[in-house]
Every structure is written in C-alpha cells, then in structure tokens.
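Participant: take this sequence and fold it.
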Amino acid sequence: MTMKEIASLAGVSASTVSRVINHPDSKAASKEVENKIWQIVRETGYIPNPHARDLKLHKPGSKHSSEKTIGCILARTHTSDPFFSKITRGIEKEALRNGYVVKFIYSYHDIQNPDIRQAVCEMKVDGLAILGRPDSKTRSFLKANYSRIIYTGLNNIESEFDQIICNAYLASKTAVSYLAELGHVHIAYLGERKNEIRYRGYWDAVSQLALPLNRELIVDTPLSVEGGCQATRKLLLSGCKVTALFCANDLTAIGAIKAARELNRKIPDELSVIGIDDIETGQYTTPMLTTIHVPMEDLGIMTAKLLIDRIETGRRIPMKVELPFQLIRRESCAVPKREQNPDL
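Facilitator: You can find the predicted model right below:
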C-alpha cells in the first residue's frame with residue numbers, strides 16, 4: 001500500500017494524504033477527509049515511512065527481524081466511548097509516524113475473558129499503553145507480562161509507570177467554581193464516586209466555597225448517556241432543590257440534558273449543566289454543552305511519544321507529564337433565577 005493508493009481510495013491527492021499523515025497539525029483537509037484517510041490507514045496496515053515499511057513486510061536486508069509494536073488496554077471499549085476513541089487515535093497517529101504498529105486494543109473487561117487474557121500474554125509488544133485507571137488485579141497482571149507500561153488518564157495513580165495526565169481534580173473544581181460564580185448554590189454531582197478524583201474535586205470545591213454539602217445532590221451513576229439520564233430523573237423526581245448539574249463526563253451530561261428536557265425542565269433557564277471532556281457531540285446538543293476541554297488527541301500523541309522514548313532509550317526513571325484543560329463556555333449554563341436561589 002502506497003500513499004498514492006490511499007489517496008485513490010480516499011478520493012484526494014497524494015500530497016493531501018502526506019500532509020495529513022506526516023503533519024497532522026497542518027489542517028490540510030477537512031475533518032471528514034482526515035477521518036477517512038486515517039480509517040484507510042488503519043484498515044490497510046499502512047506504515048508511513050520506508051524503513052518502517054521494510055519492518056512490516058520483513059524485506060531481505062532489513063536490519064530488524066520484526067515490526068515495532070504497541071498495545072493498548074482501555075478502561076472502556078474505545079468504539080463506544082469517544083473519550084478513549086480520540087486518545088487511541090492520537091496514539092495510532094504518533095505510533096505510525098515513528099514506524100510502530102498498534103497491535104491490539106482491548107478493554108479491561110475484555111481481558112477478563114480467559115482466551116483474550118491468554119492472547120494478551122502471548123502477543124508480546126514492545127510497549128503497552130493503559131488508558132484509564134486499572135484495579136490492582138489488572139495492574140498486577142499487566143506488570144507481570146510487560147516491562148514498558150505507560151498510564152494515561154484523568155486520575156493520578158501511585159505507580160512506577162510513566163504517566164500522561166490531565167488533572168481532573170482541578171478541572172472538576174474549575175467546573176464547580178464556574179457554576180458558583182454564576183450564582184448557583186445547589187449544585188449536584190452525577191458520576192462515579194469510588195476512588196474517583198472528579199468526585200473529590202467536586203466535594204472539595206463545594207466545601208471550600210461554603211456551599212451546602214447535601215448528599216441528596218450526589219448521584220453515583222455510570223459515566224454514560226444512560227447513566228446521566230437515570231441519575232437526572234432520580235434527582236429531579238426526588239423533589240430536592242437543585243439548580244445545576246456537574247457531570248463527571250460529557251456523555252453523562254448529554255444524558256442529563258435529555259432527561260431534563262423529557263421532564264420539561266428548561267436548560268439553562270431552570271437547570272444548568274456542565275460536563276468534562278469536550279467530545280464533539282457536545283457541540284450539537286440543544287443547548288450546546290458547556291464543558292471542560294480535555295486535550296484527548298494530544299494525550300494520545302504524548303502517550304505514544306513517551307512510550308516510544310522508553311522503548312528506544314531504555315530509560316528506567318518514570319516520568320509524568322500533565323497537559324492543561326480549558327473551560328469551554330457554550331449554552332447549557334446560566335445565572336439561576338432568583339426564585340430558584342432565594343438567597344441571591
């Protein structure tokens with residue numbers, strides 16, 4: 001497979017394919033075209049540089065006997081969660097640019113299956129990226145089978161692994177503080193609680209801002225659209241006073257907006273909603289979702305960079321890189337009405 005052949009399949013010029021693959025920040029094509037090119041790259045197993053292509057095809061005269069590979073293990077299925085999908089895309093891009101192939105992508109749930117677990121043990125890769133916080137058993141299993149591991153996520157973990165982090169604790173505090181600045185007092189939390197740094201950020205922000213610490217406003221729910229729907233219905237039908245929802249990710253926030261509208265609660269006039277991640281879908285909700293932007297693709301790119309550095313240099317000292325987040329103000333948050341917050 002050549003760039004010219006990829007260009008033909010994508011319906012663009014070879015120069016466009018080259019710019020998209022080798023210079024991803026150049027904005028050489030529309031998002032739709034870029035996605036199409038990368039889909040073809042993944043499906044065909046194309047590797048962008050001649051040396052890496054020699055490795056892939058095992059050509060005579062190549063100095064290496066096998067391809068260079070990376071594996072990914074995710075907290076959730078990457079095809080169903082846009083957060084992990086965007087990170088893995090960044091990993092794939094940077095890996096390809098450096099002549100590496102992403103050999104497998106499994107979820108933590110997948111590797112509970114004995115056959116997949118065995119496959120992970122046997123499909124040795126040069127380095128492993130784990131996305132999202134693993135439990136102790138999963139961490140022990142992966143450490144026993146791989147010596148070069150990098151962790152990427154929103155929660156800090158105590159580990160000897162390299163880490164690429166976007167600080168969700170501070171991001172959560174920023175989200176709650178923004179709602180408080182608008183005048184909200186009764187701010188609910190929708191998301192997971194156990195060992196979850198976003199929940200801790202919410203709790204600490206509410207405490208430090210001297211807002212009511214009402215446990216009825218805390219709903220432990222899966223980070224999904226359905227989880228957001230169920231949590232919002234439960235909260236609004238309970239009759240407890242609430243004017244704003246802090247959702248631990250955008251999928252949960254999108255579910256919250258859906259449920260609120262079904263219950264005839266106007267957003268943001270009667271209920272403000274904020275999420276974390278800044279997935280693309282949030283720009284197309286009604287109203288558009290206010291959120292905390294997490295640089296997902298950059299997390300993936302940095303994950304591959306640091307993992308490849310460890311593979312190729314033999315570095316033993318673990319490194320941690322923290323990427324910044326940003327508040328994205330859209331349409332789903334507003335100043336609460338006086339009758340909602342009589343203390344205003």
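
Participant: which strands or helices does the longest helix along the chain pack on?
Facilitator: Assignment by DSSP state H gives helix 296-313 as the longest helix of the chain. Where contact means 3 or more C-beta pairs under 8 Å, 6 or more residues apart in numbering; DSSP states H and E, helix 296-313 is packed against strand 68-74, helix 82-97, strand 127-131, strand 149-153, strand 162-166, strand 320-323. From N, CA and C alone the C-beta is placed, and that goes for glycine too.

Participant: and the helix or strand that comes right after the second one, which strands flank it?
Facilitator: Moving toward the C-terminus from helix 82-97, the next helix or strand (DSSP states H and E) is strand 100-107. The sheet places strand 100-107 alongside strand 68-74 (parallel), with pairing taken from DSSP bridges.

Participant: please report how far the most centrally placed residue in the chain lies from Met296.
Facilitator: The chain has Phe83 as the residue nearest its centroid, 3.0 Å off, counting by C-alpha atoms, centre = their mean. Note on Phe83: its distance to Met296, by C-beta to C-beta, to the nearest Å, is 6 Å.

Participant: overlap of the contact sets of those two?
Facilitator: Shared contacts of Phe83 and Met296 (C-beta atoms under 8 Å, 6 or more residues apart in numbering): Asp277.

Participant: which strand or helix spans Ala231?
Facilitator: Going by DSSP H and E, Ala231 is part of helix 225-237.

Participant: what helices and strands are in contact with that helix?
Facilitator: strand 187-191, strand 218-220, strand 244-247, helix 250-262.

Participant: can you say which of the ones you listed is packed in most?
Facilitator: Of all those, strand 244-247 has the most neighbours on average by mean count of other C-beta atoms under 10 Å, namely a mean of 31.

Participant: what does that strand contact?
Facilitator: The contact list for strand 244-247, computed with C-beta under 8 Å, 6+ apart, reads 172, 175-176, 179, 182, 184, 186-191, 202, 228, 232, 235, 253, 256, 271-276, 333, 336.

Participant: turn the helices and strands packed on helix 225-237 into a markdown table, including mean pLDDT and distance to Glu322.
Facilitator: Converted to a markdown table, those look like this (pLDDT from 0 to 100; distance: least, C-beta to C-beta, whole Å):
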| stretch | mean pLDDT | distance to Glu322 |
| --- | --- | --- |
| strand 187-191 | 98 | 21 |
| strand 218-220 | 98 | 27 |
| strand 244-247 | 99 | 22 |
| helix 250-262 | 98 | 21 |
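
Participant: right, and those - which one's nearest Ala10?
Facilitator: Nearest to Ala10, of all those, is helix 250-262, at 29.1 Å by C-beta to C-beta.
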